[in-house]
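Visitor: Show me how the following folds:
(one chain, ligands or ions: 1)
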Amino acid sequence: MQTSFLRPTYIEIDQQAIYHNVFETAKRLHDDAELFAVVKADAYGHGLVPVARVCREAGATGFCVATIDEAMALRSAQITEPILVLGISSPQTVAIAAAQHISLTFGDLDWLKEATRYLEQTANLPALNLHVALDTGMGRIGFTDQNQLATAVTQLRQSKEFNFEGIFTHFSTADERETTYFEQQLAKFNAMMSVVGERPHYVHVANSATSLWHQVCHANMIRFGIGIYGLNPSGNQLQLPYELEPALSLYSELVFVKHVQAGTAISYGATYHATQDEWIGTIPIGYADGWLRRLSGMPVLINGQRCPIVGRVCMDQIMVRLPEQLAVGTKVTLIGRDGVDEITAQEVAEYSQTIHYEITCGLQDRIPRHYLPKREELD
Ligand SMILES: *Cc1c(COP(=O)(O)O)cnc(C)c1O
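Guide: Here you go, the predicted model:
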């Protein structure tokens with residue numbers, strides 16, 4: 001979508017918060033463990049390249065993305081650290097990945113066979129770095145069978161097209177208080193690792209939740225995602241062991257203010273009627289920006305006061321009920337702090353019955369991102 005710089009709706013990204021979150025996490029890792037910053041989906045809506053740069057300064061030694069295109073965007077921005085594509089890439093794309101030193105994930109023997117076929121058709125490429133995915137209970141991608149895993153590892157070690165760089169799994173319940181399923185997955189992981197023999201360079205099992213709430217030995221890299229952005233992976237279920245600072249705020253301003261009489265209908269479907277004489281403000285953001293249609297009724301902050309969205313959320317605009325007459329141009333906080341009050345991505349997620357991941361990822365590139373400098377850059 002066309003980024004709309006000239007509209008007064010913008011996202012503010014606090015680079016100091018990102019630095020803090022990554023630095024505080026990296027310093028708690030044991031000495032030979034590394035933090036890879038998960039910056040897929042445009043860094044969860046925070047902006048791929050600027051976030052990657054701050055993470056690198058704060059101690060991240062590699063990156064994880066979801067697609068080869070995301071990895072290539074990092075390479076184009078002179079990010080030279082290891083980059084792992086977490087999802088399954090088409091075997092047809094292996095030459096591109098090898099040429100750009102992008103590490104790929106696979107989880108079955110067929111993929112390996114296809115990838116070999118494509119790489120054999122090329123010449124003078126560096127070996128393709130591969131990470132083996134183990135499905136220990138997530139049910140998404142990866143080997144479940146020890147024999148097939150053993151075959152894959154042998155094939156990797158014998159091939160000159162590939163470098164067996166890593167092996168990993170992913171936990172589906174690491175953000176929950178109940179740990180039985182987590183422990184079953186861990187036991188399955190250890191059982192599968194027993195057929196691997198010599199360990200590859202990276203053994204990794206932890207997303208943010210696992211790194212925050214579980215001690216997992218024998219791994220030497222974490223895939224730190226949501227924590228970078230200062231959001232609690234569990235929502236509010238589990239308490240953070242150390243403070244993370246939310247990095248994203250969303251602001252706009254009133255572009256139209258009117259006084260209406262009791263009974264006046266607002267927005268599509270005329271579902272809202274003013275109950276008395278009211279001041280109504282219009283804000284230029286809507287569901288096309290990722291401000292979901294089901295956020296009707298959710299408050300925004302104006303002058304430190306909560307003002308509810310009245311009537312339906314439109315594609316590009318919302319209406320709110322104001323406590324009094326306010327000037328066009330008055331600042332509106334949709335996510336973030338205003339005075340003593342704060343609306344968090346978690347609150348928006350709860351209101352719309354989803355998780356904060358989906359809220360920040362869903363904020364469209366129609367909204368420009370502004371980056372607040374790190375503190376030392378302010379001195
Ligand atoms: C997205 C993803 C992560 C990061 O998860 P967070 O909960 O954001 O920390 C880690 N590992 C894999 C395999 C992922 O797909």
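Visitor: who's Gln163 bridged to?
Guide: If you look again at residue 163, you'll see it is Asn, not Gln. Using DSSP bridges, the beta-bridge partners of Asn163 come out as Asn129.
Visitor: contacting residues for it?
Guide: Ala127, Leu128, Asn129, Leu130 (C-beta atoms under 8 Å, 6 or more residues apart in numbering). For glycine as for every other residue, the C-beta is placed from the backbone atoms N, C-alpha and C.
Visitor: Among those residues, which one lies nearest to Met138?
Guide: Leu130 (19.1 Å; C-beta to C-beta).
Visitor: Could you find the closest non-adjacent residue to the residue of the stretch 101-250 of the chain found nearest the ligand?
Guide: Going by C-beta to the nearest ligand atom, the ligand is nearest to Gly225 of the stretch 101-250 of the chain, at 2.3 Å. The shortest distance from Gly225 to any non-neighbouring residue, by C-beta to C-beta, 6 or more residues apart in numbering, is to Val38 (3.4 Å).
Visitor: buried stuff in stretch 295-312?
Guide: Neighbour counts over stretch 295-312 (16 or more other C-beta atoms under 10 Å) mark Leu295, Ser296, Met298, Pro299, Val300, Leu301, Ile302, Cys307, Ile309, Val310, Gly311, Arg312 as buried.
Visitor: pretty sure the first one contacts Val348?
Guide: What it means is Leu295. Yes - using C-beta atoms under 8 Å, Leu295 is in contact with Val348, at 7.0 Å.
Visitor: what residues does the protein put near the ligand?
Guide: Val38, Lys40, Leu86, His170, Asn207, Ser208, Ala209, Arg223, Phe224, Gly225, Ile226, Pro233 (C-beta under 6 Å from any ligand atom).
Visitor: Which of those fall in strands?
Guide: Among the residues of the chain next to the ligand, the ones falling in strands (DSSP state E) are Val38, Leu86, Arg223, Phe224.
Visitor: what helix or strand does Val300 sit in?
Guide: Using DSSP states H and E, Val300 falls within strand 299-302.
Visitor: Quick one: list the elements packing against that strand.
Guide: Helices and strands touching strand 299-302, by 3 or more C-beta pairs under 8 Å, 6 or more residues apart in numbering; DSSP states H and E, are strand 305-308, strand 318-322, strand 331-338, strand 341-343.
Visitor: Show me what the first one is in contact with.
Guide: Contacts of strand 305-308 with the rest of the structure, by C-beta under 8 Å, 6+ apart, involve Gly281, Gly297, Met298, Pro299, Val300, Leu301, Val320, Arg321, Leu322, Pro323, Asp341.
Visitor: now the helices for the stretch 51-200 of the chain?
Guide: 68-76, 94-99, 109-120, 146-158, 180-193 (DSSP state H, counting those that start in this stretch).
Visitor: and the second one, what other elements does it pack with?
Guide: To tie it back to what came earlier, the one meant is helix 94-99. By 3+ C-beta pairs under 8 Å, 6+ apart, helix 94-99 packs against helix 68-76, strand 102-106, helix 109-120, strand 128-134.
Visitor: Now distance to Val196 too, for these, in CSV please.
Guide: Shown next, in CSV, are these (distance: least, C-beta to C-beta, whole Å):
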stretch, distance to Val196
helix 68-76, 25
strand 102-106, 15
helix 109-120, 15
strand 128-134, 8
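Visitor: Of these, which is nearest Gly329?
Guide: Among those, the nearest to Gly329 by C-beta to C-beta is helix 68-76 (35.8 Å).
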